[in-house]
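1. Sequence and predicted model, in that order:
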Amino acid sequence: MRHAKLFRKIACFSGMFFLICTLTVIGTADNSLAARQFVRLGGSNPGGSWFIIAGGLSSLLNKNLTDVNVTPVATGGSADNNRQARKDGLDVWLTHSLTAYDNYHGTGLFEGKGEFKDYRMMFGVYESWHHFVVLDDSDIKSMSDLKGKRIAVGAAGSGAAVNSENILRALGLWDQLKAEHLTFDASGRALANGQVDAVSLSSAPMAAIVSVEASHKIRLIALTDKEIKTVMKKFPAYKKATMPAKVYKSWDKPYPCIAFQVYLAANQNVDAGVVSQMMGVLMDPANATFLGRVHRQLKTISPAFDGIEGLGIPLHPGAVKYYKEMGKSVPKKIMP
C-alpha cells in the first residue's frame, strides 16, 4: 500500500512537471513567433524576372535570418507593387525608377492621389533594359513597322506595361497599334503561337522569352539614336543603354535600348533593424554567386545613391544604419 501511494505521488509530480514543461515550451514558441518579423516582398507574376528575383531574395534571406520571415508576393509588377504599397499590402517591393518617382511625389500614374511619404529606398538592384521581341521570321524590322500590329505590352499594372506605353506614345505609335495586356507567361505563349506580332518587355533575360527560344529563334527590334533621344526628352528618368550580346541565345550582338534603374524600396514603418539585417545579407559579397544564379543582373546590386538623389526619395533608416555600419558616407540629400 505504501508503495502504491508513493507511485501515485511520483506519477502526479511527473504529470505536473510534464504540464509545466509543455506550457513553458508553448509559451516560448509563442514568444518566438511574436518576436519574428514578417515581411511581404512584392515581385511580379510568373514568367517575369521579378517573380524569380523575389523568390530568390526571399529564399536567401530566410536561410540567413532567424528572426525574419520574408514571403514573396506575386503581383502585376512595378505599378501594382507601388499601388499595393500605398494600401499597406507590401512591406518591401521591387520598383522601376519612374514608378517610384510618381508614387512618392503623387505624379504620373498617381496624379491626384497625393504624395506617398511613407516611401523609402533601400538600394539599386540593377539596370533594366526595355526591349522589343519578335520571331526571327517576322516582317517587323524597325519600330515604325509596329504600326497596325498586335503587341503584348505587359500585364495591366506592371512596370512593363507602363514603360511600353510611355515609349510607344513618345514615338507616336501607341494609337497606331493594338496593345494586348498579357502576363509575361501569356505573352511568350502568344508570340510563339502567332497570336501577337511582338512583345514589349522590361528586364532581360525574361523567362517567358527564354521559353520561346526553346522552339523558335527570336530577334530584337532596336530603337534608333533619334528615337531614344525622343523618348528620353519626354521621360528624363529613362536613359540610353546597351544590352550585351547573348543575353538571349538567339541574339548575338549588342542591343541599344531604353533603360532605367530597378530599386528595392520599403515602407518607412518597417523596423530599421530588419531592413539593416536584410541589406547585410543581400549586399554581402559572399552571397553574390548565389544571387547571380537567381538572375544574372543581381550581380550589380549597389547603393545607387546618384539615382536615388535624382528621384528625391529618402533612404530607409535601416539602410542608413547599414551603410554607416559599413563605413559608407550617405549623401545628406537622401537622409530620412
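-> Ah, there it is.

2. For the rest of this, base every contact and every neighbour count on C-alpha atoms.
-> Noted.

3. what's the closest non-adjacent residue to residue 156?
-> Counting by Cα to Cα, 6 or more residues apart in numbering, residue 156 lies nearest to residue 181, which is 5.7 Å off, once chain neighbours are set aside.

4. what residues are up against the closest residue to residue 161 other than its chain neighbours?
-> Spatial nearest neighbour of residue 161, chain neighbours left out: residue 154 (4.5 Å); criterion: Cα to Cα, 6+ apart. Applying Cα atoms under 8 Å, 6 or more residues apart in numbering to residue 154 gives the contacts 160, 161, 164, 180, 181, 182, 183, 184, 187, 200, 201.

5. Then residue 306?
-> By Cα under 8 Å, 6+ apart, no residues touch residue 306.

6. Check for me that it belongs to a strand.
-> No: per DSSP: H, G, I helix; E, B strand; the rest coil, residue 306 lies outside any strand segment and is helix.

7. any idea how far residue 159 is from it?
-> Distance of residue 306 to residue 159, computed by Cα to Cα, to the nearest Å: 22 Å.

8. Same check on residue 87?
-> Residue 87 is 18 Å from residue 159, by Cα to Cα.

9. Looking at these two now, which is surrounded by more residues?
-> Set side by side, residue 87 and residue 159 show more neighbours around residue 159, with 28 against 9, by other Cα atoms under 10 Å.

10. if we can go back for a sec, check what pLDDT the residue nearest to residue 156 gets.
-> Note for residue 181: predicted pLDDT of 96.

11. for it, what are its contacts?
-> Residue 181 touches 152, 153, 154, 155, 156, 161, counting by Cα under 8 Å, 6+ apart.

12. I'd like the distance between it and residue 218.
-> 21 Å.

13. and the most centrally placed residue in the chain, what are its phi and psi?
-> What sits nearest the mean C-alpha location of the chain, by Cα atoms, centre = their mean, is residue 94, with 3.0 Å. The phi/psi pair for residue 94 (degrees, to the nearest 10) reads phi -80, psi 140.

14. what are the bridge partners for it, then?
-> Beta-bridge partners recorded for residue 94 (DSSP bridges): residue 264.

15. And it, how close does it get to residue 306?
-> Separation of residue 94 from residue 306 (Cα to Cα) stands at 18 Å.

16. quick one: the helices in the stretch 1-150 of the chain?
-> 2-35, 49-64, 78-86, 97-105 (DSSP state H, counting those that start in this stretch).

17. Contacts for the second one, please.
-> Spelled out, it's helix 49-64. Outside helix 49-64, the residues that touch it by Cα under 8 Å, 6+ apart are 41-46, 68-74, 77, 94, 203-207, 278, 281-282, 291, 294-295.

18. tell me which residues in it are buried?
-> Neighbour counts over helix 49-64 (16 or more other Cα atoms under 10 Å) mark 49-58, 60-62 as buried.

19. Domains in this structure, by residue range?
-> With domains defined by automatic domain parsing, the chain comprises 33-127+261-334, 128-259.

20. quick one on the thing from earlier: hang on, the residue nearest to the centre of the chain packs against residue 159?
-> No: assessed by Cα atoms under 8 Å, residue 94 is found out of contact with residue 159, at 10.1 Å.

21. Let's see which of the contacts of helix 49-64 end up in strands.
-> Filtering these for membership in strands, criterion DSSP state E, returns 41, 42, 68, 69, 70, 71, 72, 73, 94.

22. Could you tell me how far the closest residue to residue 148 other than its chain neighbours is located from residue 165?
-> Excluding its sequence neighbours, the residue lying closest to residue 148 (Cα to Cα, 6+ apart) is residue 177, at 4.5 Å. Distance of residue 177 to residue 165, computed by Cα to Cα: 11 Å.

23. Please apply the same query to residue 304.
-> To residue 165, residue 304 is 26 Å away according to Cα to Cα.

24. So if I had to pick from those two, which one is more boxed in?
-> Taking neighbours as other Cα under 10 Å, residue 304 and residue 165 compare with residue 165 leading, 19 against 16.

25. Could you look up the SS state of that one?
-> Classification of residue 165 by three-state DSSP places it in helix.

26. Would you mind listing the residues in contact with it?
-> Per Cα under 8 Å, 6+ apart, neighbours of residue 165: 153, 174.

27. and it, how far is that from residue 201?
-> According to Cα to Cα, residue 165 stands 11 Å off from residue 201.

28. Worst mean pLDDT across the helices and strands of this protein, which element?
-> Across the helices and strands of the chain, mean pLDDT, DSSP states H and E gives its lowest value to helix 2-35, namely a mean of 43.
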